[in-house]
Structures are given as C-alpha cells and as structure tokens.
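>>> Requesting a structural model of the entry that follows:
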Amino acid sequence: MRDKPGELFPAYGLGGFSALDTAAQEAAKAAMNKWSDVAKVRFTDATSGGTSEGNIAFSQFATTNGPFDTSLASSVPTADTQRFAAKYPELSRVGVTSEIFLDANDQAVTAPSPNNQGLALYLHEVGHALGLSHPHEVRLGGPRYAQDTIGYSVMSYWEEHRSGQNFTKNGMHYTPVGPMVDDIAAIQKLYGANRNVRTGNTTYGFNSNADRDDFRLKRSTDVALFTIWDPKGESDAVDFSGYSDDQLINLNPGQPSNIGGMVGNVFIALGVTIENAIGGTGNDVFIPNRAQNTLTGNGGNNTYKYLSVKQSTPDKPDRITDFVSGKDKVDVSEMHRKGARKGAKDTESNGQRPPALVGPVKLVEQFSGRRSEAVLSYDPAAKQARLEIDVKGNGTADFLLLIDSQTPLKPTDIVVEKSSMH
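Reported below is the predicted structural model:
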C-alpha cells in the first residue's frame with residue numbers, strides 16, 4: 001500500500017494521496033484472492049518502496065484537477081514483465097509495479113458492496129494490474145465483441161442488458177463480486193489455471209459447502225451472481241431449491257443460467273464439470289451436460305431438455321429423481337434438428353454439438369432397426385422409468401435416461417416435436 005504515486009507514475013492531476021483505509025484494504029485483498037482462485041497467481045504482502053515492493057501497489061486520492069476523476073490502474077506492465085519481475089525479486093520494482101489509484105470520495109471505494117459496484121471496481125482494477133484490458137480495446141477494427149458487458153466480464157464498461165442479461169432483483173441492480181466467465185478464460189490464458197481449489201465435492205447455491213460466500217445462498221431474497229470455477233470433484237452440484245422463480249439451469253460450461261429471478265446470472269466456467277442440479281419450486285428447465293447427471297426438479301412443472309444423445313448414454317445414464325407424470329416433461333424435440341443431413345457440419349447449441357438424427361424421435365413398443373426410435377418402459381418395483389433411443393438404427397439404445405416416478409410415464413410426458421410442447 002502506498003501513500004503517494006510511484007517514481008514513474010504520471011499524476012494526471014490527482015492529489016491528496018493516502019494509503020488505503022482498513023475497509024479498502026480488505027476489499028483489495030478480497031479481489032486479489034478471487035483472481036488467485038481461478039488462476040495460478042499468488043499474492044503476498046510487501047512493504048512500500050525498494051526491491052521488496054510488490055508487483056501491485058495501491059493508493060487512494062482525494063482531489064483531482066486533471067482528466068481523471070475516477071479510480072484507475074496505470075503503469076500496467078505486461079504479464080511477461082510481471083512474470084520476469086517475480087522470477088528476479090532482487091531487481092527494483094520501478095517500471096514493473098502496477099499502480100492502482102482509488103477515489104477516496106467514492107462510496108464504492110470506501111464501502112464496497114454488490115449494490116454500488118464497489119466489489120466489481122476492485123476486481124476490475126486488479127484485473128488491469130494483472131494485464132487484462134477492457135474488452136472493447138481488443139477489437140482491432142473487427143466487429144464489436146458481443147459479450148462486452150459485465151455479464152461476461154468485470155473488465156467491461158457496459159451493463160449486462162446489452163448481452164440479454166438482467167441483474168436486477170426486487171428493484172435493485174447488482175454487479176458481479178467475482179471474475180465472470182470470460183474473465184476466467186482470459187486470466188487463465190495469461191497465468192494458467194489454478195487446479196488446486198475446491199478439490200472435493202462442492203455444492204453451490206443453497207445448502208452450500210463452498211469456501212466463498214459468493215457461492216452460498218440462504219434465503220430466497222439472496223442474489224446468485226457468480227461463475228463457478230471447480231476443476232476437480234466427482235459429484236459437484238448446483239442447488240437452487242430455495243427459489244420459487246421459473247429458472248433455466250444449464251449445466252454446460254460457458255452457457256448462462258437464469259437463476260432466482262435474474263437472467264444470465266450464473267455460469268459454469270469453461271473446462272468445469274458440474275454433475276448434479278436441484279431446481280426450485282417454480283417451473284424449471286434443465287439442460288444437462290455430458291457427465292452423468294442427477295437432476296431433481298423439486299416441485300413445479302419441470303422440463304428436462306436433451307440436445308444430444310451423448311448427454312445421457314447407456315454407460316453413463318442421467319437420472320431424474322422426482323418426475324411427476326402429467327406435470328414434468330422430457331424434451332428430445334431438438335435432438336434431430338442439428339446436422340440431420342449426412343455429412344452436415346453440426347453447430348453448437350447450448351454448449352453441445354448434437355449428433356445427426358434422421359427425423360423426429362418416434363415412440364415405439366420395441367426397436368425395429370429404424371433410426372430415431374424411442375422405447376419408454378417402467379419398472380413398478382423400482383418405481384423407475386427408462387427412456388431409450390436408438391439413433392443408428394441397429395436395434396440398440398444409444399441414449400438412456402433413468403426417470404424415478406411414482407407412476408408409469410405416458411407418451412405425452414415425452415416431447416418429441418416442438419409442436420407437442422405446451
């Protein structure tokens with residue numbers, strides 16, 4: 001922490017410099033910890049000045065008569081320069097120290113919270129110090145970066161509505177309190193991924209055992225606004241059981257979920273697998289990934305939407321734990337819509353690349369050797385249904401879904417064409 005600019009820092013008309021107060025120091029440390037959660041970068045305290053000074057220095061200013069009247073990070077060295085400086089700590093920090101100056105008159109600095117953009121401000125400035133730019137600065141004459149909003153990156157200047165998201169709940173607008181999905185991908189490209197965090201089986205949301213408050217929900221009024229970075233664990237879960245809103249729960253990496261009355265407010269980072277999901281009491285839509293998912297609707301009229309046979313295979317079948325016939329639906333209506341023509345290139349859809357299916361899925365009593373046939377059966381002793389789909393037309397199932405239900409399923413519980421969805 002500094003009480004004045006460094007030797008090479010142009011003051012830009014800023015004045016009244018002082019060291020950060022206790023609240024600001026805690027916010028700065030929290031921001032650094034959140035970056036180190038996702039990337040192989042470690043922060044330690046260092047004294048001001050001399051060769052012992054760290055790679056990032058903080059200060060705050062009280063007055064300005066220049067072009068800048070807001071918090072900023074300047075003299076930001078490249079990531080390569082910072083790595084070189086870290087390797088040779090005996091060298092002077094001058095020229096390799098990133099300097100972050102925060103406006104002491106800004107409540108977002110002195111009392112940061114998700115409601116006043118304060119926590120996002122600290123994340124943003126530390127992101128600059130680590131070598132990240134604003135998304136709009138990397139266009140190089142190309143088309144506008146469509147995800148250039150805080151919904152995808154805390155480095156953005158623009159609010160989330162520009163990318164079709166909505167972070168307003170109960171009349172109050174919220175901002176991210178941790179790196180978002182594109183931030184994580186960008187910082188990991190610079191420093192590598194931290195694969196030694198949350199190594200066990202972790203639940204995010206309600207009934208959480210996560211190590212960060214950002215991932216924990218206790219009341220229906222709590223706000224879920226986070227991107228999950230969880231590189232390990234064999235049975236991780238998202239639990240949104242405390243909400244009564246209609247939700248979209250997408251388990252595919254890099255794809256947005258609509259949780260707790262917001263839109264596009266929860267992501268799973270690229271390279272992360274979350275195996276299980278629990279919905280709320282509203283009418284939820286689940287989009288599984290290619291892991292062996294356990295899905296719990298938890299009330300409401302829920303839809304389990306499958307876009308690829310690879311999302312639930314005979315060797316790793318998904319399981320729906322509380323299906324209610326006549327209320328819930330399994331939707332396979334889009335499994336045939338991508339790459340249906342032989343040799344056609346499949347396109348990405350909700351994080352999956354669906355294989356080619358010939359025509360819509362057809363429910364039959366038993367396989368006949370024709371493509372895209374589906375068999376729906378029920379074991380009354382186990383109180384479990386099985387939905388099997390033969391994609392290749394060889395008389396064996398390529399897709400298997402286990403469905404726990406107190407009663408047998410009806411054909412109308414399975415959506416095979418768009419027009420049959422209601």
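
>>> Give me the residues contacting stretch 185-192.
With contacts defined as C-beta atoms under 8 Å, 6 or more residues apart in numbering, stretch 185-192 is touched by 35, 38-41, 79, 127, 130-132, 153, 155, 179, 269-270. Heads up, the C-betas are built off the backbone N, CA and C, glycines and all.

>>> Return the residues in contact with residue 316.
Applying C-beta under 8 Å, 6+ apart to residue 316 gives the contacts 291-292.

>>> Okay, and the beta partners of it?
Beta-bridge partners recorded for residue 316 (DSSP bridges): residue 313.

>>> how far away is it from residue 289?
Distance, residue 316 to residue 289, by C-beta to C-beta, to the nearest Å: 11 Å.

>>> got it, and residue 257?
In terms of C-beta to C-beta, residue 257 sits 12 Å off from residue 289.

>>> can you pull out the helices in the stretch 201-350 of the chain?
For the stretch 201-350 of the chain, helices defined by DSSP state H, counting those that start in this stretch do not occur.

>>> A strand includes residue 128, no?
No - with DSSP: H, G, I helix; E, B strand; the rest coil as the criterion, residue 128 is helix rather than part of a strand.

>>> okay, now it: neighbour count?
Residues contacting residue 128 under the criterion other C-beta atoms under 10 Å number 18.

>>> just residue 231 next, same as before
Residues near residue 231, counting by other C-beta under 10 Å, number 16.

>>> now the host helix or strand of residue 57: how far from the chain's centre is it?
Here residue 57 sits within strand 56-61, counting by DSSP states H and E. Averaging C-alpha positions (C-alpha atoms, centre = their mean, to the nearest Å) puts strand 56-61 30 Å from its chain's average.

>>> I'd like the mean pLDDT over that strand, please.
Averaged across strand 56-61, pLDDT comes to 83.

>>> tell me how far the helix or strand following that strand is from the chain's mean position?
Downstream of strand 56-61, the next assigned helix or strand under DSSP H and E is strand 63-64. Remark: strand 63-64 is offset 38 Å from the chain centroid, using C-alpha atoms, centre = their mean.

>>> Please apply the same query to stretch 100-118.
How far stretch 100-118 lies from its chain's middle: 24 Å, per C-alpha atoms, centre = their mean.

>>> For it, output the C-alpha coordinates as CSV.
Output of stretch 100-118 as CSV, limited to C-alpha atoms (Å, rounded to 0.1, in the frame of the first residue of the first chain):
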residue,chain,number,x,y,z
ILE,A,100,-3.9,1.2,-8.6
PHE,A,101,-5.4,4.6,-7.5
LEU,A,102,-8.8,4.7,-5.9
ASP,A,103,-11.1,7.7,-5.4
ALA,A,104,-11.4,8.2,-1.7
ASN,A,105,-14.6,10.3,-2.3
ASP,A,106,-16.4,7.3,-3.9
GLN,A,107,-18.6,5.2,-1.7
ALA,A,108,-17.9,2.3,-4.0
VAL,A,109,-14.2,2.5,-2.8
THR,A,110,-14.8,3.3,0.9
ALA,A,111,-17.8,1.0,1.4
PRO,A,112,-17.8,-1.5,-1.4
SER,A,113,-20.9,-3.8,-2.0
PRO,A,114,-22.6,-5.6,-4.8
ASN,A,115,-25.2,-2.7,-4.9
ASN,A,116,-22.8,0.1,-5.5
GLN,A,117,-20.3,-1.6,-8.0
GLY,A,118,-17.6,-1.4,-5.4
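
>>> Thank you, goodbye.
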